[in-house]
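J.: what follows is a predicted protein model with its sequence.
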Amino acid sequence: MKLQQLRYVYVVAQRELNVSEAASALHTSQPGVSKQIRLLEQELGIPIFVRSGKRLVAVTEPGNTVIAAAQRILSEVDNLKKVGSEYRGTGQGTLSIATTHTQARYALPSVLSQFRTKYPNVMVRIHQGSPAQIVEMVRSGDADLAIATEAVGECDDLVSMPCYQWNRCVVVPQRHPLLRLKRKLTLEDIAKYPLITYDFAFAGRSRTHRAFADRGLTPNVVLTAIDADIIKTYVRLGMGVGLMAAMAFDAKSDKPLHSVDAGHLFEASTTWVGMKKGSFLRGYTIDFISAFAPHLTRSAIDRALRGDPV
């Protein structure tokens, strides 16, 4: 049994049984991948995949167990490599972060700028997606860290730690009636206008929906988007008022739009950082987490990795 064979099996499973795509990702040939998988099946004495002609069409029951074991083994091998790099003190490596557009655009730039100064030889990769996609990237090993709301904190197979809380604002064009209110904004005020907000796949949407429902209101959502910049674009076009993360609005750069505080109307959301259970974190990864969320010290991160309360 070879480590290479386990890697081939795992990558094929991750690529939805597309051997051609797996071979491309592994920088090898399709026949080579197929041959190594068959050799592993012969050694184990079980079929890992169900075949129809030359095509793989499903994973067998024992195959699921093999793939899960392969994932654990590959993860431990990756940890061993990280341990070696850490104790050689090379200061080189890669930090892969899976996150949403809002976090990448508004929360991470200053932290990554400082990180780059301290660790010039570490390559940072940012992968963007929905919270569910972000969690899957960490599960599959395509990313070291997940930074998002709700989905990360609710995922049992990740080690998750709370970073900070945020709330929402309503974004409107100049001279909009909501700017003339002499009192605090209400949900009824928002519900009078067409609403542009985050896509249903994004964390935090459930809180806004619940707030309106608790008041017996059904907002007229005319457009949903995956990031705050798109929301602001369509508010500028006059399609409605925007409901988005307050941190994504800048009074200077977002002129001529204006924001109205809506933090008192909705339950605050929490941004979490998550990593695969059993991960070995390089020193620079711990430093990045601590810079992003100062209360997450090395000892707090170590406690979380051991399963203790942060």
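T.: Done, it's in.

J.: from Val77, how far out is Ala69?
T.: Counting by C-beta to C-beta, to the nearest Å, the gap from Ala69 to Val77 is 13 Å. Backbone N, C-alpha and C define where each C-beta goes, glycine included.

J.: now Glu16
T.: Per C-beta to C-beta, Glu16 is found 24 Å from Val77.

J.: leaving out sequence neighbours, find the closest residue to Leu185.
T.: Excluding the flanking residues, the one nearest Leu185 by C-beta to C-beta, 6 or more residues apart in numbering is Val260, at 5.3 Å.

J.: give the pairing partners of whichever strand or helix holds the one you found; include direction for each.
T.: When secondary structure is defined by DSSP states H and E, Val260 falls within strand 258-261. Sheet pairing here is set by DSSP bridges, and for strand 258-261 it gives strand 168-172 (antiparallel).

J.: and the contacts of the partner strand?
T.: With C-beta atoms under 8 Å, 6 or more residues apart in numbering as the test, strand 168-172 has contacts from 178-179, 185, 190, 204, 208, 231-232, 235, 241-246, 249, 254, 257-263, 265-266.

J.: for ChimeraX, write a command that selects the buried ones of these.
T.: Buried members of the contacts of strand 168-172, defined by 16 or more other C-beta atoms under 10 Å, are picked up in ChimeraX with:
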select :178,185,190,204,208,231,232,235,241,242,243,244,245,246,249,254,257,258,259,260,262,265,266
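
J.: of the contacts of strand 168-172, which belong to helices?
T.: Residues from the contacts of strand 168-172 lying in helices, with DSSP state H as the criterion: 190, 208, 231-232, 235.

J.: might you list the low-confidence residue ranges for the stretch 151-300 of the chain?
T.: Across the stretch 151-300 of the chain, the ranges flagged by pLDDT under 70 are 153, 201-205.

J.: sorry, wrong one. I was asking about the stretch 1-150 of the chain.
T.: Filtered on pLDDT under 70, the stretch 1-150 of the chain yields the residue ranges 79, 82-91.

J.: which SS class is Val273?
T.: Recorded secondary structure, Val273: strand (DSSP: H, G, I helix; E, B strand; the rest coil).

J.: which ones are touching Ile134?
T.: Contacts here follow C-beta under 8 Å, 6+ apart; on that basis Ile134 touches 98-100, 127, 143, 146-148, 151-152.

J.: looking at those, spot the one nearest Ala291.
T.: Within the contacts of Ile134, distances to Ala291 taken as C-beta to C-beta reach their minimum at Ile147, with 12.4 Å.

J.: can you count the residues close to the closest one?
T.: Neighbours of Ile147 under the rule other C-beta atoms under 10 Å: 26.

J.: what sits up against stretch 228-242?
T.: Identification of contacts with stretch 228-242 by C-beta under 8 Å, 6+ apart yields 101-102, 105-106, 170-173, 176, 178, 190, 193-198, 220, 222-223, 225, 243-245, 248-249, 254, 257.
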